[in-house]
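*Asks:* Got a predicted structure here, sequence first:
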Amino acid sequence: MNTPSLEAIRDCFDGEIPSAVATCSTDGIPNVSYVSQVHYVDTTHVALTYQFFNKTRQNILVNPAVCLLVANPVTAARYQIRAQYLRTEQTGPVFENMKAKLSGIASHTGMSGVFRLQGADIYRVETIDVIVEPSLPSPAKPSLLTALRNCTQAIQQFTDLEGLLTGALTSIERNFGTRHSMIHWLDESAERLYLVASRGYAQSGVGSEIQMGHGVIGTAASARTSIRITHATSEYTYSRAARESVRDTHLADRLEAEIPLAGLERPGSQLAVPITSRGQLLGVLCLEANEESRFGYDEEDAMVAFAQHLGLAAQLLEQAGEKQEEHPRKASDPAKSSSPPDGKPLAIRHYTMDDTVFVDDDYLIKGVAGAILWKLLSEYTAHGRVDFTNRELRLDAGLPLPDLSSNLEARLILLQRRLTERCPHIGIVKTGRGRFRLRIDRPVHLLEVS
Amino acid sequence: MNIPAVAGLHKIQFAQNNPQSSTVNEPLINDELAAFISSGLSITLASRNADNMPSAARAKGCVLVHGTSCKLRVFVSASQARQVVTDVRANGAISATFSVPDTHRSMQFKGCDAHVAELQSGDRALIDQYIDIFARRVAGNGFSPAFVHAFFASPPDEIAVEFTPTDAFQQTPGPNAGTRL
């Protein structure tokens, strides 16, 4: 019989058919039990969940040899894996990934309270044997490599971050067929992520926030690992995690929680992937589907590759943008391109403590984006200026901007989207790379509240 | 074949755990448990070699054999269960876990007198019957009868592994897994 590679049989690991694990005590008594998931770690390692100090665990601590039986839920192929227990991990990417997945399986099987991950037991795979050859055909799937190639190619055309992020979600739908997706960007504080782009939801959710470590998105960010959930779980849904993460926080954060959320109410499958550039976390790409088991290991690999490409593209855009901003073109005359504001004045209130901005009595935005809007409106009312550059914002000592300049651009996207959704009388229009214009079609009345 | 309610296992476990309702000489496998283990459950056998290296194999059905002692007779494909068969022949150590496919309620029996026996007349019919019942049990989870038959496919080399269970353990996933019955 031939010997398949571990990655060739990892579709057996998601728990559709429980795997069996056999161990043996030092006095020669065998033990066999079923496990809900086997986790593919790399080409030579798997991990099993450690939930309770049961016989399997007692045995592996004294006799590390195990025999695993796994089965493919589509082809009906069955395999035997011989492996050696190496160690238990209680933090880190493998642990977080298994914890999230287990939570999904637990809620799927009605055992949420029972299934809590205590550790990820790591095993070195020694042999793989085919017990039953695949006999049923797998449904023909479109090539993921082709889809990935098309996606990476499609995002090369974009010249700004907004186009890049929106375009990425569009090309994911077009090439991978995933209709529901969103991108969160890392906050300057590195404690939160905020939604900058979404596709396929009733509410855009732009500006809604999630704490590091909460839900699939927050966990993918804090553990810097992709999180793939094959069964519905209330614990990790975006909406619940987002709501919980703002409990007991500042008023401004609670206001942020009023922003209608994106995210499926009961996603069957979720895949959250960190967007990184040279090891630095920029944000998280999250895909959702109503049906269960929508994303497998191969889809996860493809999205991890795409998210890394996206991260590099975002960083390259930012560097290119900075260079162009060094030589700004002469701004056009504002009077030529905009008509004077007309109608009932908008009362804009700015709370200096946390840069919260209200338009009339409605909450609009807070934090860096709030501070940026306040600066723009102050310049406008004092000097009649409407044309601005990213560069001057970045150099403005009064704005609490971080080193990472992609954050400025992401904040501007956020501000632009929130204005479109909540205050269409004020707009931000891009006039070139690193330049934009403030569009105001109602008089504004500014009130500073300390 | 009568399929007992899944709750049957609960009842047995409760009786075994409640000192007032258990009798001193109660056999390890009573009628209700006998019906339970013959009800199309997922069955896996494990043994080990002289170095305590474990081996495992999926079974294709099980019946209770009444004789001087109560034994379990579990069917496997000799080629698919090659290592388990070798180990059982060498030392007789055995463990068998029975699990309800749709609820994961499980129990494990252990013994040390396992031996390998040829199929008897009627055993093949029991194997076919087992696969049919199993297919009905997992139909609700989206597995077709064609899938289940492909899953249990083997050369016609089935044999029986027989043993006297000397220990039984609750194996349902959870904090009580491993509790001796």
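*Replies:* Looks like it came in fine.
*Asks:* how about the nearest residue to A:Thr88 once chain neighbours are set aside, what does it touch?
*Replies:* Nearest residue to A:Thr88 in three dimensions, chain neighbours excluded: A:Gly119, at 4.1 Å (Cβ to Cβ, 6 or more residues apart in numbering or on different chains). For the C-beta atoms, the positions are set from N, CA and C on the backbone; glycine is no exception. Remark: with contacts taken as Cβ atoms under 8 Å, 6 or more residues apart in numbering or on different chains, A:Gly119 is in contact with A:49-50, A:88-90, A:95.
*Asks:* Just list whatever residues bridge to A:Gly119.
*Replies:* A:Tyr50 (DSSP bridges).
*Asks:* I'd like to know how far it sits from A:Ala410.
*Replies:* A:Gly119 sits 36 Å away from A:Ala410, taking Cβ to Cβ, to the nearest Å as the criterion.
*Asks:* any low-confidence regions in the chain?
*Replies:* You didn't say which chain, so I picked chain A. For chain A, residues meeting the criterion pLDDT under 70 lie at A:1-2, A:103-115, A:232-260, A:321-339, A:401-406.
*Asks:* Please refer instead to chain B.
*Replies:* Applying pLDDT under 70 to chain B flags residues B:1-29, B:172-178, B:181.
*Asks:* which residues in it form helices?
*Replies:* B:7-17, B:31-37, B:82-91, B:123-138, B:145-151 (DSSP state H).
*Asks:* Go through the third one and flag the buried ones.
*Replies:* Along helix B:82-91, the positions that meet the burial threshold by neighbour count (16 or more other Cβ atoms under 10 Å in any protein chain shown) are B:82-85, B:87-88, B:91.
*Asks:* now these as TSV including distance to chain A?
*Replies:* Rendered in TSV, the data for those read as follows (distance: Cβ to the nearest Cβ, whole Å):
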residue	distance to chain A
B:Arg82	9
B:Gln83	8
B:Val84	9
B:Val85	13
B:Asp87	8
B:Val88	10
B:Asn91	7
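*Asks:* A:Asn150 - how many residues pack around it?
*Replies:* A count of nearby residues for A:Asn150, using other Cβ atoms under 10 Å in any protein chain shown, gives 14.
*Asks:* OK, contacts around it?
*Replies:* Counting by Cβ under 8 Å, 6+ apart, A:Asn150 makes contact with A:171, A:174-175.
*Asks:* rerun that using 6 Å as the cut-off
*Replies:* For A:Asn150, the set of contacting residues under the criterion of Cβ atoms under 6 Å, 6 or more residues apart in numbering or on different chains consists of A:Asn175.
*Asks:* Next, A:Arg124: secondary structure please.
*Replies:* Secondary structure, DSSP: H, G, I helix; E, B strand; the rest coil: A:Arg124 is strand.
*Asks:* Tell me how many other residues crowd it.
*Replies:* The number of residues packed near A:Arg124 is 13, by other Cβ under 10 Å.
*Asks:* Quick one: residues contacting it.
*Replies:* Contacts of A:Arg124 were listed using Cβ under 6 Å, 6+ apart, and they are A:45, A:84, A:86.
*Asks:* Nearest spatial neighbour of the last one, chain-adjacent residues omitted?
*Replies:* In this case it means A:Leu86. Leaving out its chain neighbours, the residue that sits closest to A:Leu86 by Cβ to Cβ, 6+ apart is A:Ile122, at 4.9 Å.
*Asks:* Please identify which pair of the buried residues of helix B:82-91 lies farthest apart.
*Replies:* Put simply, by Cβ to Cβ the two of the buried residues of helix B:82-91 set farthest apart are B:Arg82 and B:Asn91, 15.6 Å from each other.
*Asks:* picking up where we left off before, these two touch, right, the residue nearest to A:Leu86 and A:Arg87?
*Replies:* Yes. Counting by Cβ atoms under 6 Å, A:Ile122 does reach A:Arg87; the two are 5.3 Å apart.
*Asks:* more crowded one of those two?
*Replies:* Taking neighbours as other Cβ under 10 Å, A:Ile122 and A:Arg87 compare with A:Ile122 leading, 20 against 11.
*Asks:* Show me what from chain A comes close to chain B.
*Replies:* Neighbours of chain B within chain A, by Cβ under 6 Å from any Cβ of the partner chain: A:20, A:22-24, A:28, A:30-34, A:52, A:54-55, A:63, A:65, A:67, A:69, A:76, A:114, A:131, A:135-136.
*Asks:* Take those residues and keep only those in strands.
*Replies:* Secondary-structure check on those using DSSP state E: residues within strands are A:20, A:22-24, A:30-34, A:65, A:67, A:69, A:131.
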